[in-house]
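I'll drop the sequence and a predicted model, then ask my questions.
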Amino acid sequence: MKSALVIYWSKTGNTEKVAFAVKEGLEKAGVKVAVKKPEEAADGDFFDYDLVCVGSPSLEWHPAKPLADFLKSRLSNYRTQGQVKVGAPKVPGKNALIFCTYSGPHTGLNEATPAVKYMGQFFEHIGFTIIDEWYVLSEFHGWEEGNIKGRMGDIRGKPTEEDLLRIRKDAEVIAAKLN
Ligand SMILES: Cc1cc2nc3c(=O)[nH]c(=O)nc-3n(C[C@H](O)[C@H](O)[C@H](O)COP(=O)(O)O)c2cc1C
C-alpha cells in the first residue's frame, strides 16, 4: 500500500479545505494518508512516505512562515545527514506535490508562483520528484474589494465544492502515478 503525508498551514481555512480534499482523493485511490500541521510533523521523516504533499497560502508571495520554518529545519537535518547532495540525484519512488491557495488580487498567478517554487526546492534538494504543482484560486477572507475587483475577478466563495471535487479527482490521478 502506498503512503502519503499531507502537511499544510492555513489561517482562514482555504488551504485546510484543499488539504483534506487531497487526503480524500488519495484515500479513495487506496493510499494511506496522514495529515499534519507543521508543528505536528517536526519529528517525521519525509522518506517514510511515497508522496509528501505540502500546502500553504501565498502570503506576500511567500509560503506561510511556520511552514517555511518547518521546511528549513527539515532541510537542515537532511543536510547534516548528508542527504543534500551535489546535483540533487533523484531518489526513486519519492515524490512531492506542492499546492498553494492564493487570491491574486494584485498581479494574479505571479503572486503565488514564488511560494510554490520555493516550497518545491526543499524537496528537489533531497532528491524528491515534484509530481505536480497546484494553484488553487481562493477567496481573500475579510477583503471585499480584493475579492471582486482583483486581477482574478470575482473569487467569492472559492474554493467551491466543485473546485474541491476536482481536487479530489486530481489527487486520485496523482495516486495512480506513484511508482
Ligand atoms: C497578509 C496576507 C497576505 C496575502 N498575500 C497574498 C499574495 O501575495 N498573493 C496572493 O495571491 N494572495 C495573497 N493573500 C491571499 C491568501 O493567499 C488567500 O486568501 C489564501 O487562500 C488564504 O489561505 P488560508 O485560508 O488557508 O489561510 C494574502 C492574504 C493575507 C491575509
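Great, that's in hand.

Would you quantify the distance from the residue lying closest to G142 once chain neighbours are set aside to the ligand?
Leaving aside its sequence neighbours, G142 sits nearest to T12 (Cβ to Cβ, 6 or more residues apart in numbering; 7.6 Å). Every residue, glycine included, has its C-beta placed from N, CA and C. Distance of T12 to the ligand, computed by Cβ to the nearest ligand atom, to the nearest Å: 3 Å.

now do W134
12 Å.

That residue: how many residues sit nearby?
Neighbourhood size, W134 [other Cβ atoms under 10 Å]: 18.

Likewise for the one 10 residues further on?
Taking other Cβ under 10 Å as the neighbour definition, E144 ends up with a count of 9.

next one: the one 4 residues further on
Neighbours of I148 under the rule other Cβ under 10 Å: 13.

How about the one 4 residues further on?
Applying other Cβ under 10 Å, we find 19 other residues in the vicinity of M152.

Could you find the closest non-adjacent residue to it?
Per Cβ to Cβ, 6+ apart, closest to M152 is G104, 4.5 Å.

residues from the chain in reach of the ligand?
10-16, 57-61, 101-104, 111-112, 138, 140 (Cβ under 6 Å from any ligand atom).

Now intersect those with the helices, please.
Among those, the ones falling in helices (DSSP state H) are 14-16.

Buried members of the residues of the chain next to the ligand into ChimeraX, please.
Remark: buried members of those, expressed as a ChimeraX selection using 16 or more other Cβ atoms under 10 Å:
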select :10,14,15,16,57,58,59,61,101,102,103,104,111,112,138,140
